[in-house]
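Chemist: need the 3D shape of this:
(chains A and B)
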Number of protein chains: 2
Amino acid sequence: MTPPLIAAAVLSLAQILDASPATDWRLLDPEDTVYLELPSGRVVIELASAYSPKAAAAVRGLVRDGYFDGSAVIRSQDNYVVQWARAEDDPKARAMVSKKVAPEFSRAMDAKLPFTRLAYPDTYAPEVGFSGGFPVARDPKKKQTWLVHCYGSVGVGRDNSADSGNGSELYAVIGQSPRGLDRNITLVGRVVQGIEKLSVIPRGPGPMGFYEKPAEWTPIRSVKLAADVPPAQRLNLEALKTESATFKTVIESRANRKEEWFHDPVGRIGVCNVPLPVRLKP
Amino acid sequence: MTPPLIAAAVLSLAQILDASPATDWRLLDPEDTVYLELPSGRVVIELASAYSPKAAAAVRGLVRDGYFDGSAVIRSQDNYVVQWARAEDDPKARAMVSKKVAPEFSRAMDAKLPFTRLAYPDTYAPEVGFSGGFPVARDPKKKQTWLVHCYGSVGVGRDNSADSGNGSELYAVIGQSPRGLDRNITLVGRVVQGIEKLSVIPRGPGPMGFYEKPAEWTPIRSVKLAADVPPAQRLNLEALKTESATFKTVIESRANRKEEWFHDPVGRIGVCNVPLPVRLKP
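Modeler: Got it, this is the predicted structure:
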């Protein structure tokens, strides 16, 4: 037997994923998968039904009603969020103003919710980690857990009252994780493919990145559930299970950088710095 | 006397800055201020001479030599960095390949360096805070301090060897703070105005966001030091001193959100979430 050329191979992320068993992956549930169609292509969002069932149901319902077909990106604030909605004076939008949905800023911890904990300290929460494909935090004293704001997180815009976020106005994070929003607004999912189609949208010139005229909006042709799209138009996406051994290897390899380029192996990683791999099913 | 309508006014960031004394601001040093001219306008970078004097001198020298005039953004990787350089096969770029500059991944702590400490835990470093306008970290046991990677941070690209970062290839962070790069690469400054001109540049389709053909590059017309530009073309920018009482108020107000919109006042803030105000001198 010839010894390997490199005694202890340093595996890249791609190599770790290539070596993973098929059972470490889960197909996205078509009822939790949203296709947002921009002029530049498709953005895919996974809804976090386990953490925000009411918000996910509200968004699912609006999507099924065609509410977002003909909506637009109305806000792009640098290092913060892009936001999409129907025009304020649109009759469908006006009909939504009085619609309330109970907030889901956090939820009770539950032994049935998986939790892969990150061993490193976090600025904002006693514990952080991953649950069912999403970055989350927990407070064991208060027995509460919540989705955290990372790049690509999708949330439900709201006014001052907690129940005013009804799913008709959504945002995606396109900058430094705005963790101060955690537990202040309902997160409903995350972009699993195509976030770069949102993040390059020109910033709005108005306050908070809102555009000043509709001509500046980026139109959204349609928003559909994967379940409602003909099979030929679906993307057969699967996500690495955040409870899998492969995901633990991903965390370990990204927290401890053994590649030649790194002079300091770091030894740490933040909850918003761990990649959450999604791929077309091979 | 009529009592005020709101007993304890909650000041916005703009109101805090408007109320600040002129002495809490410092004019940017024209020798540390770099104007990068894109087709979409000017990006302003402040060099961190106190932390990376060798890198700042290298960049200053290249800028004065006109090295970056006619360079281009050759890489745009989503949620990571944009990077600019001359074409690899350009004679000036080839002449730089063998040029070495000693790394400045961290430096010795020094009582002469100001430090406004953040009271909250950080994932990556024993202490974090601000020094002379830049986000920094410290390790009191090792008596080391270093610039940290936040949105807008500007660094010196390098190959595997630590001294290969000679300033001829620079990057700016356009996503979640890649703190794992801290102490692995020399940061030389930060974008103080115009980062949104870099962050919306279409992502490169190749590995690590590199473009596949020069036609995809974003051209850089010129890069100049403010000191070398006719006064009429200079921007009279001033930065809030990170050692000032006003800046401490900014931290306090951003860590403890008392606005009506916030249902949970947070009580924490991360080193990359604190705004570092820069404005045209009134």
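Chemist: okay, CA-based contacts and neighbour counts for the rest of this
Modeler: OK.
Chemist: which residues are in contact with the residue nearest to the spatial centre of chain A?
Modeler: To find the centre residue of chain A, average its C-alpha atoms and take the closest one (C-alpha atoms, centre = their mean): that gives A:R190, at 1.5 Å. Contacts for A:R190 (C-alpha atoms under 8 Å, 6 or more residues apart in numbering or on different chains) come out as A:45-48, A:134, A:152-154, A:172.
Chemist: now with 10 Å?
Modeler: A:R190 makes contact with A:44-48, A:133-135, A:149-155, A:171-173, according to C-alpha atoms under 10 Å, 6 or more residues apart in numbering or on different chains.
Chemist: tell me where the model's unsure across chain A.
Modeler: Regions of chain A meeting the criterion pLDDT under 70 cover residues A:1-9.
Chemist: try it again at 50.
Modeler: Where chain A drops to pLDDT under 50, the residues are A:1-7.
Chemist: now the helices for it?
Modeler: Remark: helices of chain A, listed N- to C-terminal, are A:13-18, A:53-64, A:91-96, A:195-199, A:245-255; assignment by DSSP state H.
Chemist: of those helices, flag the one that's most buried.
Modeler: Mean neighbour count (mean count of other C-alpha atoms under 10 Å in any protein chain shown) peaks for helix A:195-199 among the helices of chain A, with a mean of 23.
Chemist: who are the packing partners of that helix?
Modeler: Using 3 or more C-alpha pairs under 10 Å, 6 or more residues apart in numbering or on different chains; DSSP states H and E as the contact criterion, the secondary-structure elements in contact with helix A:195-199 are strand A:41-47, strand A:72-76, strand A:81-85, strand A:170-173.
Chemist: about what we covered before: quick one, which of the helices of chain A gets closest to B:D24.
Modeler: Ranking the helices of chain A by their distance to B:D24 (criterion: C-alpha to C-alpha) puts helix A:195-199 first, at 34.2 Å.
Chemist: isn't A:D159 up against A:G165?
Modeler: Yes - counting by C-alpha atoms under 10 Å, A:D159 touches A:G165, with 7.0 Å between them.
Chemist: more crowded one of those two?
Modeler: With other C-alpha atoms under 10 Å in any protein chain shown as the criterion, A:D159 and A:G165 differ in neighbour count, and A:G165 comes out ahead with 26 against 11.
Chemist: from A:G157, how far off is the more buried one?
Modeler: Separation of A:G165 from A:G157 (C-alpha to C-alpha, to the nearest Å) stands at 5 Å.
Chemist: shared neighbours, those two?
Modeler: In contact with both A:G165 and A:G157: A:185-186, using C-alpha under 10 Å, 6+ apart.
Chemist: joint contacts of A:D159 and A:G165?
Modeler: Common neighbours of A:D159 and A:G165 (criterion: C-alpha under 10 Å, 6+ apart): A:I185.
Chemist: sorry, back to before: just put the helices and strands packed on helix A:195-199 in JSON lines and tack on mean neighbour count.
Modeler: Listed next are the helices and strands packed on helix A:195-199 as JSON lines, based on neighbours: other C-alpha atoms under 10 Å in any protein chain shown:
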{"stretch": "strand A:41-47", "mean neighbour count": "22"}
{"stretch": "strand A:72-76", "mean neighbour count": "26"}
{"stretch": "strand A:81-85", "mean neighbour count": "24"}
{"stretch": "strand A:170-173", "mean neighbour count": "26"}
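Chemist: now those strands in JSON lines, with distance to B:P275?
Modeler: Output for the helices and strands packed on helix A:195-199, formatted as JSON lines (distance: least, C-alpha to C-alpha, whole Å):
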{"stretch": "strand A:41-47", "distance to B:P275": "29"}
{"stretch": "strand A:72-76", "distance to B:P275": "18"}
{"stretch": "strand A:81-85", "distance to B:P275": "16"}
{"stretch": "strand A:170-173", "distance to B:P275": "17"}
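Chemist: can you put these in JSON lines and add distance to chain B?
Modeler: As requested, the helices and strands packed on helix A:195-199 are exported to JSON lines (distance: least, C-alpha to the nearest C-alpha, whole Å):
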{"stretch": "strand A:41-47", "distance to chain B": "13"}
{"stretch": "strand A:72-76", "distance to chain B": "10"}
{"stretch": "strand A:81-85", "distance to chain B": "12"}
{"stretch": "strand A:170-173", "distance to chain B": "10"}
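Chemist: A:P231 is nearest to which of the ones you listed?
Modeler: A:P231 lies closest, by C-alpha to C-alpha, to one member of the helices and strands packed on helix A:195-199: strand A:41-47, at 15.4 Å.
Chemist: so that closest one versus helix A:53-64, what angle?
Modeler: Orientation of strand A:41-47 against helix A:53-64 (axes from the mean of the first three to the mean of the last three C-alpha atoms, to 10 degrees) gives an angle of 150 degrees.
Chemist: so what does strand A:41-47 touch, helix or strand wise?
Modeler: With contacts taken as 3+ C-alpha pairs under 10 Å, 6+ apart, strand A:41-47 sits against strand A:33-38, helix A:53-64, strand A:153-156, strand A:187-193, helix A:195-199, strand A:222-225.
Chemist: mind listing what that strand pairs with, with the direction of each?
Modeler: Strand A:41-47 has the following sheet partners, assigned by DSSP bridges: strand A:33-38 (antiparallel), strand A:187-193 (antiparallel).
Chemist: buried deepest among these, which one?
Modeler: With neighbours defined by mean count of other C-alpha under 10 Å, none of the strands paired with strand A:41-47 is more surrounded on average than strand A:187-193, at a mean of 25.
Chemist: what residues does the stretch 51-200 of chain A put near chain B?
Modeler: Where proximity means C-alpha under 10 Å from any C-alpha of the partner chain, the interface of the stretch 51-200 of chain A facing chain B comprises A:77-80, A:105, A:119-125, A:150-152, A:158-162, A:173-185, A:195-200.
Chemist: report the contact partners of the nearest residue to A:R257 once chain neighbours are set aside.
Modeler: Closest residue to A:R257 in three dimensions, ignoring its sequence neighbours and counting by C-alpha to C-alpha, 6 or more residues apart in numbering or on different chains: A:P265, at 4.5 Å. Taking C-alpha under 10 Å, 6+ apart as the contact definition, A:P265 lies against A:253-259, B:180-181, B:183-184.
Chemist: what do you get if the cut-off is 8 Å, keeping everything else the same?
Modeler: A:P265 sits next to A:255-258 when contact means C-alpha under 8 Å, 6+ apart.
Chemist: for A:V274, state which of these is nearest.
Modeler: Comparing the contacts of A:P265 against A:V274 with C-alpha to C-alpha places A:A255 closest, at 8.4 Å.
Chemist: isn't the closest one right up against A:D264?
Modeler: No - in terms of C-alpha atoms under 8 Å, A:A255 does not count as a neighbour of A:D264; the distance is 11.1 Å.
Chemist: neighbours of A:A137, just the number please.
Modeler: A:A137: 26 surrounding residues under other C-alpha under 10 Å.
Chemist: ok, A:R190 to A:L170 distance?
Modeler: Spatial separation of A:R190 from A:L170 under the definition C-alpha to C-alpha is 11 Å.
Chemist: give me the common contacts of those two.
Modeler: Contact criterion C-alpha under 8 Å, 6+ apart; residues shared by A:R190 and A:L170: A:V154.
Chemist: still on that earlier bit, looking at the helices and strands packed on helix A:195-199, which is closest to A:A111?
Modeler: Ranking the helices and strands packed on helix A:195-199 by distance to A:A111, with C-alpha to C-alpha as the measure, places strand A:41-47 first at 20.9 Å.
Chemist: just give the nearest non-adjacent residue to A:E88, would you?
Modeler: With C-alpha to C-alpha, 6+ apart as the criterion, A:E88 has its nearest non-adjacent residue at 6.7 Å, and that residue is A:R94.
Chemist: do you know how far the one you found is from A:V82?
Modeler: In this structure, A:R94 lies at 21 Å from A:V82, with C-alpha to C-alpha as the measure.
Chemist: then A:K197?
Modeler: Computed with C-alpha to C-alpha, the distance linking A:K197 and A:V82 is 11 Å.
Chemist: list residues touching both of the two?
Modeler: Contact criterion C-alpha under 8 Å, 6+ apart; no residue bridges A:K197 and A:V82 by contacting each.
Chemist: and A:V34, what does it touch?
Modeler: Neighbours of A:V34 in contact, by C-alpha under 8 Å, 6+ apart: A:44-47, A:223-226.
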